[in-house]
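Fold the following for me, if possible:
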Amino acid sequence: MSDDPVTWLVAALQVVTATGIAVFWLTWFRAPHEESWLPPGYVEHERVFVFPDSLLASLLVVSAVLVVLEQPFGEPLGLLCAGMLLFLGVIDAAYFSRHRLFTRARGGLMNAAVVLSVLVMALILFLTYR
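Sure thing, here's the model as predicted:
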């Protein structure tokens, strides 16, 4: 088992990110999404991401455990998660920008925080496991 504090910190961030993804979806499914400014097809567009986000969250946790246990596939799996996070962040940024969902009246601060946190986590994983 690793005694490196950076390893434990990054592993904790991975678990926190996975938890954040789960909380996002639990919250999202409980909201009505009836705002008049939401783009057509918003709900169907977002629902497509449940499976890949669930897979990402699972892989983040598995990678964190493997890295802490100093198993060989932990870091490559962490890099895979970095790529998934980068793709998710870029897609969200493009979609939110295209539909003006970064404006304050349309939840822009929260949308920007989600995109930024996803991209920062991708960068952390890339820099840690490269």
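
From here on, just use CA atoms for contacts and neighbour counts.
Noted.

The chain: helices as residue ranges?
5-30, 42-47, 50-68, 74-98, 108-129 (DSSP state H).

contact partners of the shortest one?
Counting by C-alpha atoms under 8 Å, 6 or more residues apart in numbering, the neighbours of helix 42-47 from elsewhere in the structure are His33.

Just the mean pLDDT for that helix, thanks.
Taken as a whole, helix 42-47 carries a mean pLDDT of 95.

so how far is that helix from its chain's centroid?
17 Å (C-alpha atoms, centre = their mean, to the nearest Å).

Ok, the first one next?
With C-alpha atoms, centre = their mean as the basis, the distance from the averaged C-alpha position of helix 5-30 to the chain average is 8 Å.

Which strands and helices lie in contact with that helix?
helix 50-68, helix 108-129 (3 or more C-alpha pairs under 8 Å, 6 or more residues apart in numbering; DSSP states H and E).

Could you dump those helices into CSV with distance to Asp4, mean neighbour count and mean pLDDT added?
Shown next, in CSV, are those (distance: least, C-alpha to C-alpha, whole Å; neighbours: other C-alpha atoms under 10 Å; pLDDT from 0 to 100):
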stretch, distance to Asp4, mean neighbour count, mean pLDDT
helix 50-68, 9, 19, 98
helix 108-129, 12, 18, 97
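
any chance of those in JSON lines, plus distance to Leu26?
What follows is the helices and strands packed on helix 5-30, written out as JSON lines (distance: least, C-alpha to C-alpha, whole Å):
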{"stretch": "helix 50-68", "distance to Leu26": "10"}
{"stretch": "helix 108-129", "distance to Leu26": "15"}
